[in-house]
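Chemist: below are the sequence and a predicted model for it; my questions follow.
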Amino acid sequence: METLKPVLAEQPFLHGLDDRHLDLMVGCASNVRFAPGEFIFREGEEANHFYVIRHGRVAIEVFVPQRGAITIETIGEGDLLGWSWLVAPYHWRFDARATELTRAIALDARCLRGKCDQDHDLGYELFKRFVLVIEQRLQATRMQLLDLYSVNS
Amino acid sequence: MNGAVLDPMLPLPYRVRQTRRETGDTFTFDLSPAAGGGSFAFAAGQFNMLYVPGVGEVPISISGDPGEPPTLVHTTRAVGAVTRAMRQLKRGDVIGVRGPYGVPWPVAEAEGNDVVIVAGGIGLAPLRSAVYHLLRHRDQYGKIVLLYGTRTPADILYRRELEQWRARFDLEVQVSVDRATPDWRGHVGVVTTLIPKAGFDRLNTVAMVCGPEVMMRHAAMDLEKRGVAPTSIYVSMERNMKCGVALCGHCQFGPTFVCKDGAVFRYDRVRELLAIREI
């Protein structure tokens, strides 16, 4: 039976990860699919997974009373969804909803945190990669905050 | 017009043929010579100085098709006295036109390469003429990618045209908004987030970028991060222009004049200037 190892290996964010660490991650990985409109996770829920999007689009939303669900960002193929699994108390801060048929690799957070505790090199490699993703998202968010296209910008 | 004008400060009369509202505060108007005849030859990326009698004169990029010179097309936002007066123009009104001025987009240098166009907000207006040129000479280019970002779905400029371009099989178009509305099904995020996954060959690509300066700085950085050489990235700078012919000095940008040495600059030549505040 084919494992998810070759699929994980081809994901951009895992580029350069050695074989041993890939094997450790495969043990925590599963193939998942979300229908259009389906919530992947909701704000406040336990962050038990993070996801590598293989196909589709996910809206990261905030529900604001009297304004409804507001999409603050969308991510797609090759992108990482979720880093709350890294930060105690491991609860999602936003909603994530598939806006179209979405396929992803789900990585079990407890499983992976356990393996990172045992193998600090794996932890370091994952943290290096996640920091890059978080930095990119933060830069983009800062630019969004500037409201560059308004008349007074 | 180009060879016949002896006084570069003398506007020629042009008549408004059509006006149309694009978004809330953005509009387009088509012009043709008031005296009839003649065609206005320009290169994609150049601008004209447009004069509203009794109000003033402003530089506005030409956003029409350089392959269809009889009609002069401009798109602008109503943000000051002159552009607000322009918004009131009706068919038949006459305004003054001087130009074309400025360095155009490097459409000739881009032949044989992929082309990635990164536009933000009304920055799509000066790039539209480049898109027209690229599509008119489609065989001369590799992949063509248009990445467009704007504030909200209601602010998407030339929406119908973007949809038509997107429907082509030889052009990649991606649109992103900073702020989504509930009915928006597309990408949400700043336009630079589209760069990492856009379908162009980083080693053989010419990039043309226009929009707010902050957006252009970050787009250029992300293009470089992707592997596009800074000598292959072009940005369109904006400064207050008064004369358009490098006499008054209002548009000075370091050692250059935007009206004469730009508005289109090769990124490696202005990268350090962009990092200087209040230049």
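Modeler: All right, it came through fine. Residues are numbered from 1 along each chain as shown, chains lettered A, B, ... in the order given.
Chemist: pull the contacting residues for B:Gly126.
Modeler: Just so we're on the same page, residue B:126 is Pro rather than Gly. With contact set as C-beta atoms under 8 Å, 6 or more residues apart in numbering or on different chains, B:Pro126 has these partners: B:45, B:47, B:61-63, B:210, B:236, B:263. Bear in mind the C-beta positions are built from the backbone N, C-alpha and C, glycine included.
Chemist: that one belongs to a strand, doesn't it?
Modeler: No. Under DSSP: H, G, I helix; E, B strand; the rest coil, B:Pro126 sits outside any strand and is assigned helix.
Chemist: model confidence score at it, please.
Modeler: pLDDT for B:Pro126: 96.
Chemist: show me what the nearest residue to it once chain neighbours are set aside is bridged to.
Modeler: Spatially, and ignoring its direct neighbours in sequence, B:Pro126 is nearest to B:Ser61 (3.5 Å; C-beta to C-beta, 6 or more residues apart in numbering or on different chains). For B:Ser61, the beta-bridge partners are B:Phe47 (DSSP bridges).
Chemist: wait, doesn't B:Ser61 sit right on B:Gly45?
Modeler: Yes. Taking contacts as C-beta atoms under 8 Å, B:Ser61 lies within contact range of B:Gly45: 7.3 Å.
Chemist: all helices for chain A, in order.
Modeler: Secondary structure of chain A (DSSP state H): helices at A:5-9, A:19-26, A:109-118, A:120-145.
Chemist: same question, chain B
Modeler: Per DSSP H, chain B carries helices over the ranges B:81-87, B:124-136, B:159-167, B:213-226, B:258-261, B:267-274.
Chemist: which positions within the second one qualify as buried?
Modeler: Judged by neighbour count using 16 or more other C-beta atoms under 10 Å in any protein chain shown, the buried positions of helix B:124-136 are B:124-135.
Chemist: need the residues you listed in CSV with distance to A:Val58, can you?
Modeler: CSV is the format used below for these (distance: C-beta to C-beta, whole Å):
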residue, distance to A:Val58
B:Leu124, 27
B:Ala125, 32
B:Pro126, 34
B:Leu127, 30
B:Arg128, 32
B:Ser129, 36
B:Ala130, 33
B:Val131, 30
B:Tyr132, 35
B:His133, 37
B:Leu134, 32
B:Leu135, 33
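Chemist: out of those, which is nearest to B:Phe40?
Modeler: Nearest to B:Phe40 among those: B:Ser129, at 12.1 Å, using C-beta to C-beta.
Chemist: and the pLDDT for the residue lying closest to the closest one once chain neighbours are set aside?
Modeler: Computed as C-beta to C-beta, 6+ apart, the closest residue to B:Ser129 that is not its neighbour in sequence is B:Ala44, at 3.8 Å. pLDDT for B:Ala44: 96.
Chemist: wouldn't B:Ala44 be in contact with B:His133 here?
Modeler: Yes. Using C-beta under 8 Å, B:Ala44 is in contact with B:His133, at 4.8 Å.
Chemist: identify the contacts common to B:Ser61 and B:Gly45.
Modeler: Both B:Ser61 and B:Gly45 are contacted by B:126, B:129, B:236, B:263, under the criterion C-beta under 8 Å, 6+ apart.
Chemist: ok, the third one touching B:Tyr267?
Modeler: No. Between B:Ser236 and B:Tyr267 there is no contact, the gap being 10.7 Å when judged by C-beta under 8 Å.
Chemist: so what sits against both of these two?
Modeler: Residues touching both B:Ser236 and B:Tyr267 (C-beta under 8 Å, 6+ apart): B:Val209.
Chemist: re earlier: between the helices of chain B, which gets the lowest average pLDDT?
Modeler: Among the helices of chain B, helix B:258-261 carries the lowest mean pLDDT, at a mean of 86.
Chemist: shaky segments in the chain?
Modeler: The chain I'm using is chain A. Scanning chain A for pLDDT under 70 picks out the ranges A:1-2, A:152-153.
Chemist: switch to chain B, that's the one I care about
Modeler: Counting by pLDDT under 70, the ranges of chain B that qualify are B:1-6, B:37-38.
Chemist: get me the contact residues on chain A for chain B.
Modeler: Within chain A, the positions adjacent to chain B are A:57, A:59, A:68-74, A:76-78, A:99, A:136, A:139-140, A:143-144, A:146-151, A:153 by C-beta under 8 Å from any C-beta of the partner chain.
Chemist: mind checking which of those residues are in strands?
Modeler: Cross-referencing the residues of chain A next to chain B against strands under DSSP state E gives A:57, A:59, A:68-74, A:76.
Chemist: farthest pair within the shared contacts of B:Ser61 and B:Gly45?
Modeler: B:Ser129 and B:Ala263 (12.5 Å).
Chemist: what's the overlap in contacts for the two?
Modeler: With C-beta under 8 Å, 6+ apart as the test, B:Ser129 and B:Ala263 both reach B:45, B:61.
Chemist: skipping its backbone neighbours, what lies nearest the most centrally placed residue in chain A in space?
Modeler: Centroid-nearest residue in chain A: A:Leu81, 1.6 Å away (criterion: C-alpha atoms, centre = their mean). Of all residues not flanking A:Leu81 in the chain, A:Tyr51 sits nearest, at 4.1 Å (C-beta to C-beta, 6+ apart).
Chemist: count the residues that sit near that neighbour.
Modeler: If you count neighbours by other C-beta atoms under 10 Å in any protein chain shown, A:Tyr51 ends up with 22.
Chemist: what touches both of B:Ala44 and B:His133?
Modeler: Common neighbours of B:Ala44 and B:His133 (C-beta under 8 Å, 6+ apart) are B:66, B:105, B:107.
Chemist: okay if I get those as CSV plus neighbour count and distance to B:Asp25?
Modeler: Compiled in CSV, those are given as follows (neighbours: other C-beta atoms under 10 Å in any protein chain shown; distance: C-beta to C-beta, whole Å):
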residue, neighbour count, distance to B:Asp25
B:Pro66, 22, 26
B:Trp105, 28, 25
B:Val107, 24, 29
